[in-house]
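Asks: Quick one, what's the 3D model for this:
(chains A, B and C)
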Amino acid sequence: MENKVNYDPSFAEEVFRNVDAGDEIKMCMNCGVCAGSCPLREHMDYPPRQIFALIRAGKREEVLGSQSIMLCTSCYTCAVKCPRSIPVIDVMHGLAHYALKQGYVPRKDTAAFGGEFWKQVYRLGRIDEKDLPRRVFFSGGLIEGVRAMLNFMDIGIKLMLHRRMKLLPERKIKGIQSLRKMLDKAERLGKGGAIA
Amino acid sequence: MADVQTTSQAILVVGGGMSGITAALEAAEAGYDVVLVERNPYLGGRVTQLYQYFPKLCPPNCGLEINFRRMRQNPKVRFFTMAEVASISGREGDYDVTVKMAPRYVNEKCTCCGKCAEACEAEIDNPFNYGMDKIKAAYLPHEFAFPMRYILDPSIVGTDQGKKCLDACEYGAIDPDMKETTFDLKVGAIVWAAGWNPYDAAKIDYYGFGEYKNVITNVMMERMAAPNGPTGGRILRPSDKKEPKNIAFIQCAGSRDENHLPYCSGICCLASLKQTTYVRERKPDCDIAIFFIDIRALDRLEDFYVKVQADPKVAFIKSKIANITEDEGTGNLILEGENTRTGEQILMNFDMVVLATGMVPNRIELDAAPDVTHDEYGFFTNNPEQPGIYGAGCVRTPTDVASSVQDATAGALKAIQSIARR
Amino acid sequence: MDKKTAVYICTGCGIGDALNIEQLKEEGTADFGIDVIKDHPFLCGQEGVDLIKQDIEGEGVNTVVIAACSHRVNYDAFNFGRDVIVQRVNLREQVAWSQAPKEEDTQMLAQDNLKMGCSQAKDTDWVQPYKAEEPYSKDILVVGGGLAGMTAALEAAKAGYRAVIVEKEDKLGGFLGRMKSTVTLPYKALSETGAAQLIQKVEDEPKIKVYTSASVEKVSGGPGLFSVDIKANGNSATERIGAIVQATGWVPYDANKLGHLGYGKFKDVVTNVEMEEMAAAGKITRPSDGGDVKNVLFIQCAGSRDPEHLPYCSSVCCMVSMKQATYVKEQNPEAVNYILYKDVRTVGQSEDFYRKAQNDGNVFIRGAATQLGEAGGKLFVEADDELLGEKIKIEDLDMVVLAVGMVPASRPETTPRIKAPADAAGADENGMIEVAPDSGFFANSALHLAYRQGPELPTLKYGFPDSHFICFPYETRRTGIYTAGCLRRPMETAKAIEDAVGAAMKAIQCTEATAEGKAVHPRAGDMTFPEFNMQRCTQCKRCTEECPFGAINEDEKGNPLPNPTRCRRCGVCMGACPERIISFKNYSVGMIGNMIKSVHVPEEDEEKPRVICLICENDALPALDMAGIKRMKWSPYIRFVPMRCLGSMNLVWIADSLSRGIDGILLFGCRHGDDYQCHFVKGSELANTRLGKVSETLDRLALESDRVRFEEVGITDYHRIPGIIEEFMKKIEEVGPNPYKGW
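Replies: Sure thing, here's the model as predicted:
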């Protein structure tokens, strides 16, 4: 019994029943195109295909406790390439949603990112690409923040040189009030959502 | 060409590839009259463009030559190249078919002496080599072409170049006044063996075919390996004509993909396995990686898979490659994906990439045609409610040469039954 | 009929520029009694052809030698009907385009070529097709009454032919009759097997005669003339048959050899065949206790793709397991099926069924089983899950299904041993010998051919009885006997149906061609056949042993008994015969010998070596044409003599050539060995073997072995030909001139 995974189909059943689009993962043929195309794959403990494989095997803890399901940014790269048309994003968000409902607290940095992201969108109606990472980095304290900033310095400089990141702070969008109304409503509707 | 007299006792075979040739010959050798029409200026279809067959690694011309000899000595088969079916009407046992023939601008007096090509200075993209090289605009489609006759590209007809060809021919074989002609046939049954086209790899935009020079398709690889191909049988990457040090084969490039071809094209695994032997034969130190979802080597073809697996320079990586980018400086290609066996990320650099593109069937698309049915993917389905027209070969299912021959032999008997029923 | 021979030389396409035509006309045709000798600048044009026609009609010319281009080009221009013998001589690709113009050597080459052509025309006789004394049958015997067999019979009947089915069971149906459902086009769901309707159709068809509980006791004769003894329910019958379709199907791989997967050890481990039969019988239950089935694990490739068992893939097992998983779910929607696979192999549109199986919630696990055991009355399986990257254990299994592969019914489980023939090497102390897979003795009995070369169809690797499985999949090595269905290769039902229709087509075609005295593949339509001059036969048995198609039987004294309708006209027997007693009307040992004799051998001091190349006309000769069309250059000292198959090469030609002073002999034939390309299967290999015996001749003449060489030349090897020739000529130069010149 040492180091052997006991296959348990009940978790897959649970996912099929409770997670948005969860039953679509039955169609996965393990090609790995989702994992290969995910821009955040380096930050994921299990890229989407592996999440699906874990569900198949019944590894509940690993899946619901995974930070990957919290990291998905809905870029759709995987979803458009999936040869079996699995709505990978819906599944990932669905899993995140379900994990929270089941009391799985997102890992600190993921939560920090989500929280800051939400706050900033609420405040500006957009993301300030300098401000957001700064706030996330320093959420763990000053020393960690400085270390993280130094780690990302090269990228930051390159982004600025390529004019992908502005030096000046971002402004609020037009019609921020309308957006906030929408966000308020979304929050009410999706209470318990991934970024609540 | 209007001297084609047929009766409702004759069989029309559409398509002169392996399936069509087989259907025509099998019926003719049983004593039936057959008319074969082929769109290309030569018979043989796609297999003529292959370097070798799997798993025996033998030249397709070997079998084709026997078939052409069967055809040469059998007056029961009449064939027309550069010909297409324009319309079909009627029913089992009594079809009226109109055939349209494109002008070849070279008549039956051609002796294949090659003087027209010598005189001609204009060049066109060589269709036989998928445009990878140029050929004179007066040309023999390929050296084993059957029928063995030159052709003039329409672009030089009526020009100075065309005149040069005309003047060079000592036998009056060049005829610039040829026009498109049509003729009518009466036949009792039809075998539809119009074959397939490679899937347009440019549609898989994240693989960069058409944009990155060193991304080629499997059918192009066949031409490259052939001694009569664009590189004289050398495997060279298109950007700088250098021998690649490593090559990636990407399986299911379009196939088994609901965004492209949801079905499995059936032959691409073996085609890539075979192509690794082309590489190995020429360059023993070239590294090869095959990226796959499942390797589908049915029946004894498994042996061939086992043989290639034993090659230490061929790596099998289970992954559907997710993205290709080109390194602008070197023209090398960077492949991204997930190695699903290890869970590790793939970020690999290759000199050349071969996309194992799949098969798209040529369906019946005529303004006037009796009801025929295709499945949701465009494959011909033999409809018991509509006997008389039978699909054969890759129009029915994506498959290899042996199965096409088998299917076409069956198609011949179905056609004979349609006549016998009358 | 008296010969009146005319020679026509085309001077077009550079031939006239390369050669002295007047000299050629004179010196190339002397000694052959040619009645008319003409040249024309464009012989294949209307005017040239009319010129020939006028001579045929006006002068009574009945034999025409065309000295022009390769027959590849305008092949149909010189067809004057069956009454006029046409002999082609190549002066274009093999002379004008590949040699230096206006050189003496080029002129001599052209003259030799023309002389060989004239000689051949002189020795060619008009062909009279073979006609047996008895009437020909066009009835089709189908051995095996399963899906493929029934389909073949029905389809033949639909085309108007009578068929006879011989089925060993007491009813028709074969494995189809034991199945619950099939998976077939369009692969979206299960389909009914249709077995009952198919059997009904066969039984209702007046053109089909069915023997059940029957076996074929003996097949003698040949296509069109087969006499088939059938034993059915204790009675005997004899049928006259035109051609045969063998569709004796398959047997499952013996699961008793799969003890490592728990078969035989645990009752709830069953094969896919047992599972199918259980499902067809009504309900799938646990064999151990008859209990309900909830969790099932399928082990794919059980014994397949395994060098210790069946090295090949049986093609259908992936779909079969998915189908059976559907049965389990139909019975109990809560059931869980695990499918443990190596690769999922659902090709073509059948990928849709894989999708269906996934959508049904079946669990696909890529990996191999490492352990199988029992705990608490349930089975468990341990495996490596490749895609999870971990070792896994699946417990609480009610059943494990082994997806075993298909073994062609022709192949026995063990290599049989038979009483060794008198001269065979390798016999044991009891005089028994192990039988090679392609011997015809290897197979399980189904046909009982009264053939000298064995009672069954010879097989290739793994017991599949075909011979050219890529280009000509229906060809076996016994004329007029075709195989269909899973005997030929493992295949799903949709393919077996197609396959049976095709096999019926081939069988029908064979009866039609045979009735007209025509050969079947690959020399389809050839009306010549070998004739034996029995007075001079020494009963050496070479012809009966070497015929690649087992066409020749033997009487008890060892005399050959030819069966012309079994003959493929390759001439291997002619090549094998040391007494030169086997001839065709247009191809004989004497004819080729005379052609070689007509080659002029210059004196030694002229320093013009001569090499004869015996060249396979199917592959190497077209390659040579290609080399000429590509304007490649090669030595003018080589003379090419086309062979029907290199296997028809008779050693006497080599001996005679060398004793006349020919300096070297080249043989161009097809690749042989496992991946042989010879259209007559064994021809090039036999030629190569015979060549091994040529050393005796060389020793007798005290000549060097380097003077004779075999080269494998494929049809696309034209670019290699000049190099091969050049290298050989260098070797001949090194060895020096043949001392027999001028003898």
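Asks: Which helix or strand contains residue C:699?
Replies: Using DSSP states H and E, residue C:699 maps to helix C:683-701.
Asks: swap in residue C:165?
Replies: Assigned by DSSP H and E, residue C:165 falls in strand C:163-166.
Asks: same question, residue C:115
Replies: helix C:104-123.
Asks: circling back: can you give me the mean pLDDT across the helix holding residue C:699?
Replies: Across helix C:683-701, the average pLDDT comes to 89.
Asks: so where's chain A shaky on pLDDT?
Replies: Where chain A drops to pLDDT under 70, the residues are A:1-3, A:106-109, A:190-196.
Asks: The same query, at a cut-off of 90, please.
Replies: A:1-5, A:20, A:42-43, A:67, A:70-71, A:73, A:100, A:104-196 (pLDDT under 90).
Asks: Can you name the residues of it sitting close to chain C?
Replies: Chain A comes close to chain C at residues A:1, A:3-7, A:9, A:12, A:16, A:26-30, A:53-54, A:56-57, A:84, as judged by C-beta under 8 Å from any C-beta of the partner chain. Any C-beta I mention is one placed from the backbone N, CA and C, and that applies to glycine too.
Asks: For PyMOL, write the select line for the buried members of those.
Replies: Of the residues of chain A next to chain C, the buried ones can be selected in PyMOL as follows, counting by 16 or more other C-beta atoms under 10 Å in any protein chain shown:
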select buried, chain A and resi 4+5+7+9+12+16+26+27+28+29+30+53+54+56+57+84
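Asks: picking up where we left off before, just the buried residues of the helix holding residue C:115, please?
Replies: Those would be C:106-123, for helix C:104-123 by 16+ other C-beta under 10 Å.
Asks: What of stretch A:131-146?
Replies: Of the residues in stretch A:131-146, A:132, A:133, A:134, A:135, A:136, A:137, A:138, A:139, A:145 count as buried by neighbour count, 16+ other C-beta under 10 Å.
Asks: biggest separation within those, which pair?
Replies: Spanning the widest gap among the buried residues of stretch A:131-146 are A:132 and A:145, at 13.1 Å by C-beta to C-beta.
Asks: about what we covered before: output the following helix or strand past the helix holding residue C:115 as CSV, restricted to C-alpha atoms.
Replies: Next helix or strand after helix C:104-123 toward the C-terminus (DSSP H and E): strand C:140-143. Taking Å, rounded to 0.1, in the frame of the first residue of the first chain, the C-alpha atoms of strand C:140-143 are listed here in CSV:
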residue,chain,number,x,y,z
ILE,C,140,-17.3,-19.4,-55.6
LEU,C,141,-16.4,-21.6,-52.6
VAL,C,142,-16.5,-19.7,-49.3
VAL,C,143,-14.9,-21.5,-46.4
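Asks: OK, contacts around the closest residue to residue B:199 other than its chain neighbours?
Replies: Residue nearest to residue B:199 in three dimensions, not counting chain neighbours: residue B:254, with 4.2 Å by C-beta to C-beta, 6 or more residues apart in numbering or on different chains. Residue B:254 is in contact with B:199, B:201, B:203, B:204, B:260, B:261, B:355, B:357, B:358, counting by C-beta atoms under 8 Å, 6 or more residues apart in numbering or on different chains.
Asks: on that earlier part again, mind listing what's buried along the helix holding residue C:699?
Replies: Those buried within helix C:683-701 under the rule 16+ other C-beta under 10 Å are C:683, C:684, C:685, C:686, C:687, C:688, C:690, C:691, C:694, C:697, C:698.
Asks: residues in the stretch 501-650 of chain C within reach of chain B, list them.
Replies: Residues of the stretch 501-650 of chain C lying near chain B by C-beta under 8 Å from any C-beta: C:501-506, C:508-509, C:512-513, C:520-522, C:524-525, C:618-619, C:622, C:626, C:629-630.
Asks: re earlier: so which of the buried residues of stretch A:131-146 comes closest to chain C?
Replies: residue A:136 (31.1 Å; C-beta to the nearest C-beta).
Asks: is it true that the closest one touches residue A:112?
Replies: Yes. Using C-beta atoms under 8 Å, residue A:136 is in contact with residue A:112, at 5.4 Å.
Asks: For residue B:290, the count of nearby residues, please.
Replies: Applying other C-beta atoms under 10 Å in any protein chain shown, we find 25 residues neighbouring residue B:290.
Asks: Which strand residues bridge it?
Replies: Here residue B:290 shows beta-bridge partners residue B:249, residue B:316, assigned using DSSP bridges.
Asks: contacting residues around it?
Replies: Counting by C-beta under 8 Å, 6+ apart, residue B:290 makes contact with B:248, B:249, B:251, B:272, B:273, B:276, B:314, B:315, B:316, B:317.
Asks: ok, now residue C:113?
Replies: C:28, C:67, C:89, C:90, C:91, C:94, C:95, C:639.
Asks: how close does it get to residue C:676?
Replies: 30 Å (C-beta to C-beta, to the nearest Å).
Asks: Give me the outermost residue of chain C relative to its centroid.
Replies: In chain C, residue C:376 marks the outermost C-alpha relative to the chain mean, sitting 55.8 Å out by C-alpha atoms, centre = their mean.
Asks: Could you check the pLDDT of that residue?
Replies: 93.
Asks: ditto for residue C:432
Replies: pLDDT at residue C:432 comes out at 82.
Asks: does it have beta-bridge partners, and which?
Replies: Beta-bridge partners for residue C:432, by DSSP bridges, are residue C:419.
Asks: Quick check: it touching residue C:419?
Replies: Yes. Applying C-beta under 8 Å, one finds residue C:432 in contact with residue C:419, separated by 6.2 Å.
Asks: Flag every residue of the stretch 301-422 of chain B that's near chain A.
Replies: Taking C-beta under 8 Å from any C-beta as the test, the list of the stretch 301-422 of chain B residues beside chain A reads B:318-323, B:336-340, B:343, B:345-346.
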